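Asker: model this:
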Amino acid sequence: SKKPGDTVIAGTLNNHSPLKVEVTALGAATQLSAIERLATQAADEKPQQVLAADRIARFFIARLLIVCSAVFAFWLWYRPEQALWVTLSVLVVTCPCALALAMPAALSAATANLRKRGFLVARGHVVETLNSVNRVIFDKTGTLTKGKFVVEMVKPFAGIEDVEERLLGLAAALESGSNHPLAAAFHHWQDRYKATEIKQVTAAGVEGQIEGVLYRLGTAEFAGGLLAEVADGFKLPDSLHTWLLLASERQALAWIALVDEVRPDAASLIQRLKARGISVELLSGDQSGAVAQLAQQLGINEYVAGAKPGDKLSHLSQRQAAGDKVLMIGDGINDVPVLAGADVSIAMASASDLAQTRADSVLLNDRLDVIADALDIAKRTKAVITQNLRFSLVYNLLALPLAAAGMIPPWLAAIGMTASSLIVIFNALRLTK
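Answerer: Next up is the predicted model:
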């Protein structure tokens, strides 16, 4: 909520009544730019992944050229007429095509499989780094929850005999036509009553006439303001929910508790991660009560609440300094620095554009269980890469002495080179299933 004199950060979305904002900073001076600078700094500090196949191939080629020179010199001395084709056979049969394809082919197949599942890989190191992850950090709102509020309970005041359905119908009538995120929680009870003279008060609530009676729905101060006898306001039932007070000009009617709906597959994902021995943590800027409740509900033992963008990045850096390989999952602008700084990161489909561009991958369909699938595919990819590398090395080590001894003609060397490459490719294609 904002009131006159408050600071509004560039990039913020206004889902309520129109308001006038005075621009006090431009470009690099804005808070959004400060967040972007944090993200850039974090991305620059991220260690660059070097593909093992490239290192092995470079090592192998250098030694191969030395061996070829020695083979050519020997055959030039031993049988000069065969020196050229023997050397050619050595070069062809030991061409490191299969070795060079071992990792890229597997990564391409794994990336295609992930894309079919709605997991878009935006950085080349994602599949490789997922294998080393031992800690997953979640944002709360929009990540583990849908970012959509639902009614959890209605607590009528003493002496109120109205049934729950009538109270929710009154609230829905007041919220009719509103595009506020909280208003969507009452869509199920709309059209039961008709409200007139509806007036929205920013950061407070809404009021209107229903059957000749004035009602208010909103904060305790706003809705309770209809009642002259109220001096100190109403005390919220707890700090775990978003509470709205429904009151008429005659009396306070009920507390209505709203909660951000938890994604249906969040709990199963947490359990699958724990089963792999991966630590799970909740890192949120929301109030501590709501964060603690969600952590308890999903079985997350470690959580941090009320964290600002810089606080999140500092917390991430501490985890990495302690030796953790961190997978960060978030959706908001406040998550941009940690998405950029994590060893590997995932942005939700509903994430801000800035968060998606800074993340290493994007979850296109908001299905959290795909994250566990991605970890499985990454593990399979590592196994296939290991198989490809071993096969390539064994093939080259066996073929090299045979070719150097003149036992493999050039045409057979070409067949062997092609066959070895095809074997590596077909093995990698298993990852598309």
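
Asker: give me the number of residues near residue 130?
Answerer: Residue 130 has 27 neighbours, counted by other Cβ atoms under 10 Å. C-beta coordinates here come from the backbone N, C-alpha and C atoms, glycine included.

Asker: from memory it sits against residue 376, does it?
Answerer: No. Residue 130 is beyond contact range of residue 376, at 9.6 Å (criterion: Cβ atoms under 8 Å).

Asker: In contact with residue 136, which residues are there?
Answerer: The contact partners of residue 136, by Cβ atoms under 8 Å, 6 or more residues apart in numbering, come to 273, 278, 279, 280, 281, 326, 327, 328, 329, 371.

Asker: Surely it is within a strand?
Answerer: Yes. Counting by DSSP: H, G, I helix; E, B strand; the rest coil, residue 136 is found in a strand.

Asker: excluding its backbone neighbours, what's nearest it?
Answerer: With Cβ to Cβ, 6 or more residues apart in numbering as the criterion, residue 136 has its nearest non-adjacent residue at 4.7 Å, and that residue is residue 327.

Asker: what is the mean pLDDT for the strand or helix carrying the one you found?
Answerer: Under the criterion DSSP states H and E, the helix or strand holding residue 327 is strand 326-330. The pLDDT scores in strand 326-330 average 94.

Asker: contacting residues around it?
Answerer: 130, 133, 135-139, 143, 316, 319-320, 335, 338-339, 341-348, 351, 355, 359, 363, 371.

Asker: Restricted to strands, list these.
Answerer: When DSSP state E is applied, these are split such that 135, 136, 137, 138, 344, 345, 346, 347, 348, 363 fall in strands.

Asker: can you redo those residues as CSV with distance to residue 401 and pLDDT?
Answerer: What follows is the ones in strands among the contacts of strand 326-330, written out as CSV (distance: Cβ to Cβ, whole Å; pLDDT from 0 to 100):
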residue, distance to residue 401, pLDDT
135, 47, 96
136, 48, 96
137, 52, 96
138, 54, 95
344, 42, 93
345, 47, 93
346, 48, 94
347, 51, 90
348, 55, 89
363, 50, 89
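
Asker: Let's have those residues in CSV, adding distance to residue 236.
Answerer: Compiled in CSV, the ones in strands among the contacts of strand 326-330 are given as follows (distance: Cβ to Cβ, whole Å):
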residue, distance to residue 236
135, 34
136, 32
137, 29
138, 26
344, 39
345, 35
346, 35
347, 33
348, 30
363, 34
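
Asker: Restricted to buried residues, select the residues you listed in ChimeraX.
Answerer: Of the ones in strands among the contacts of strand 326-330, the buried ones go into a single ChimeraX selection, burial set by 16 or more other Cβ atoms under 10 Å:
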select :135,136,137,138,344,345,346,347,348,363
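
Asker: Show me where this structure has its strands.
Answerer: Here the chain has its strands, by DSSP E, at 119-121, 135-138, 145-156, 195-201, 205-210, 213-218, 242-248, 252-262, 279-283, 302-304, 326-330, 344-348, 361-363.

Asker: highest average neighbour count across those strands?
Answerer: With neighbours taken as mean count of other Cβ atoms under 10 Å, those reach their highest mean count in strand 344-348, at a mean of 29.

Asker: Just list the residues touching residue 214, thanks.
Answerer: Listed by Cβ under 8 Å, 6+ apart, the contact set of residue 214 reads 207, 208, 226, 248, 249.

Asker: again, 7 Å this time
Answerer: Contact analysis of residue 214 by Cβ atoms under 7 Å, 6 or more residues apart in numbering lists 207, 226, 248, 249.

Asker: Just the pLDDT for the last one.
Answerer: The model reports residue 249 with a pLDDT of 88.

Asker: wait, doesn't it sit right on residue 226?
Answerer: Yes. Between residue 249 and residue 226 there is a contact under Cβ atoms under 7 Å: 5.1 Å.

Asker: who has more neighbours, the two?
Answerer: Legend: neighbour count by other Cβ under 10 Å for residue 249 and residue 226, higher for residue 226 (18 against 13).

Asker: any idea how far the more buried one lies from residue 74?
Answerer: Applying Cβ to Cβ, to the nearest Å, the value for residue 226 to residue 74 is 102 Å.
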